[in-house]
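Engineer: Sequence and predicted structure, then a few things I'm wondering about:
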Amino acid sequence: MESDYDELDRRLVHALQVDGRAPFSGIAEVLGVSDRTIARRYARLRSTGAVRVLGGVDPTVLGAVLWLLRVRCAPTTSLPVAEALARRPDTSWVSLSSGGTEITCVVRTENEADSEALLLAKLPRTPRVEGVSAHSVLHAFYGGPDNLVGKLGSLDEDAIARLRPPPVPQRHGPVRLDDGDRKLLAVLAGDGRAGFEQLASATGWSPTTVRRRMTELRGHGLLYLDIDVDWRMFGVRARTLLWLSVAPAHLEEAGRALAGHPEIAFAAATTGPTNLYASVVCANQRELYRYLTTRVAALPAVTHIETAPVIRTVKQAGARA
């Protein structure tokens with residue numbers, strides 16, 4: 001519950017969103033408390049699953065394709081199908097919505113051949129699946145390294161500026177991963193704050209090499225730091241999926257406007273029957289109604305909108321809920 005957390009918890013989480021690997025001493029100085037207090041708070045939040053700093057990977061940098069799948073099932077069979085999807089290593093954000101008759105998930109395919117096999121063969125032949133619609137993600141307006149905590153957090157601009165790490169030089173050209181890279185990313189996927197000594201032990205590299213390689217992968221846009229949080233900390237309880245149809249000439253404008261809304265956790269242009277998708281978080285159904293009838297209603301050239309309240313999240317960014 002929201003009452004389980006206080007303002008220091010929320011400020012600490014916001015600080016970690018700004019820099020997930022910031023030392024506790026630096027966070028403590030900005031927040032005006034002791035190092036020990038920050039370390040103790042973080043340990044408590046992490047042990048209860050209220051917050052996790054994760055090393056996120058953008059697979060599109062490696063040429064992968066992201067798909068949003070809407071899988072329709074009978075209500076009595078949707079949970080087993082959702083759990084089967086959640087066990088797959090190529091899925092994330094597996095959710096039950098629409099009263100339990102639909103599963104929505106993000107699936108990563110390595111190439112077009114994998115996409116065809118997934119969409120035309122595997123899922124439709126899975127028992128209990130009544131139908132599948134697929135939306136390829138063409139462009140993300142908000143999500144990945146952009147986290148909702150940055151919109152909901154209470155740190156002022158001065159505190160954010162003091163916490164923000166130096167920018168990583170952008171790198172161009174193809175990215176090739178070796179076994180050491182994969183071991184590095186695997187450890188960071190479980191703990192984005194893993195120390196350089198721990199990462200060196202996992203990869204067989206020196207701590208200096210680990211630091212350099214992390215900088216290179218971040219410069220390519222492949223690696224970023226993400227934060228997984230119990231949204232009740234910020235008074236958020238209702239998550240809803242939006243599927244919108246927008247006139248193509250206004251898709252970029254509508255997507256950018258949507259990305260700026262404080263309620264939006266993810267927004268992307270897609271292929272498929274609709275062309276703009278968003279994940280919305282609100283305190284309750286009343287606030288969702290207010291959002292739909294004000295901010296969404298003001299978007300340009302929206303010709304159709306479908307809402308799908310999430311009733312259960314089976315798998316989040318990379319971990320089962």
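Structural biologist: Cool, the structure landed.

Engineer: how about the strands of the stretch 1-150 of the chain, start to end?
Structural biologist: With DSSP state E, counting those that start in this stretch as the criterion, the stretch 1-150 of the chain has strands at 51-57, 65-73, 91-97, 102-109, 129-142.

Engineer: out of the ones you listed, which comes closest to residue 289?
Structural biologist: When these are compared by C-beta to C-beta, strand 91-97 sits nearest residue 289, at 17.3 Å. Quick note: C-beta positions are derived from backbone N, CA and C, even for glycine.

Engineer: wait, which of the strands of the stretch 1-150 of the chain is closest to residue 224?
Structural biologist: Evaluated over the strands of the stretch 1-150 of the chain, closeness to residue 224 peaks at strand 51-57, with 4.9 Å, by C-beta to C-beta.

Engineer: Could I get the CA-only coordinates of that closest one as CSV?
Structural biologist: Listed in CSV are the C-alpha atoms of strand 51-57, where the atom choice follows Å, rounded to 0.1, in the frame of the first residue of the first chain:
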residue,chain,number,x,y,z
VAL,A,51,12.4,-1.4,-6.2
ARG,A,52,15.0,-3.0,-8.4
VAL,A,53,17.6,-1.4,-10.5
LEU,A,54,18.1,-3.3,-13.7
GLY,A,55,20.3,-3.3,-16.7
GLY,A,56,18.0,-3.0,-19.6
VAL,A,57,18.9,-3.9,-23.2
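
Engineer: now the angle from the helix or strand encompassing residue 266 to strand 129-142?
Structural biologist: Using DSSP states H and E, the element containing residue 266 is strand 264-270. Between strand 264-270 and strand 129-142, the angle comes out at 110 degrees (axes from the mean of the first three to the mean of the last three C-alpha atoms, to 10 degrees).

Engineer: Report the mean per-residue pLDDT for strand 264-270.
Structural biologist: For strand 264-270, the mean per-residue pLDDT is 96.

Engineer: just stretch 239-250 next, same as before
Structural biologist: Averaged over stretch 239-250, pLDDT sits at 96.

Engineer: Touching that stretch from outside, list them.
Structural biologist: The list of residues contacting stretch 239-250 from outside it, by C-beta atoms under 8 Å, 6 or more residues apart in numbering, reads 95, 97, 104, 231, 254-255, 265, 273-282, 288, 296, 299-310, 313.

Engineer: Among those, name the buried ones.
Structural biologist: Burial by neighbour count, 16 or more other C-beta atoms under 10 Å: within the contacts of stretch 239-250 this picks out 95, 97, 104, 231, 254-255, 265, 274-282, 288, 296, 299, 302, 305, 308-310, 313.

Engineer: Could you list the low-pLDDT ranges of the stretch 101-250 of the chain?
Structural biologist: Counting by pLDDT under 70, the stretch 101-250 of the chain contains low-confidence residues at 111-127.

Engineer: need the helices for it, in chain order.
Structural biologist: All helices of the stretch 101-250 of the chain, identified by DSSP state H, counting those that start in this stretch, fall at 112-117, 149-152, 157-163, 179-190, 196-203, 207-219.

Engineer: closest to residue 28 out of the ones you listed?
Structural biologist: Each of those was checked against residue 28 via C-beta to C-beta, and the shortest separation belongs to helix 157-163, namely 11.2 Å.

Engineer: Skipping its backbone neighbours, what lies nearest residue 150 in space?
Structural biologist: Spatial nearest neighbour of residue 150, excluding adjacent residues (C-beta to C-beta, 6 or more residues apart in numbering): residue 17 at 5.5 Å.

Engineer: Neighbours of the one you found, how many?
Structural biologist: If you count neighbours by other C-beta atoms under 10 Å, residue 17 ends up with 25.

Engineer: now residue 87
Structural biologist: With other C-beta under 10 Å as criterion, residue 87 counts 11.

Engineer: And for residue 199?
Structural biologist: Neighbour count of residue 199, defined by other C-beta under 10 Å: 23.
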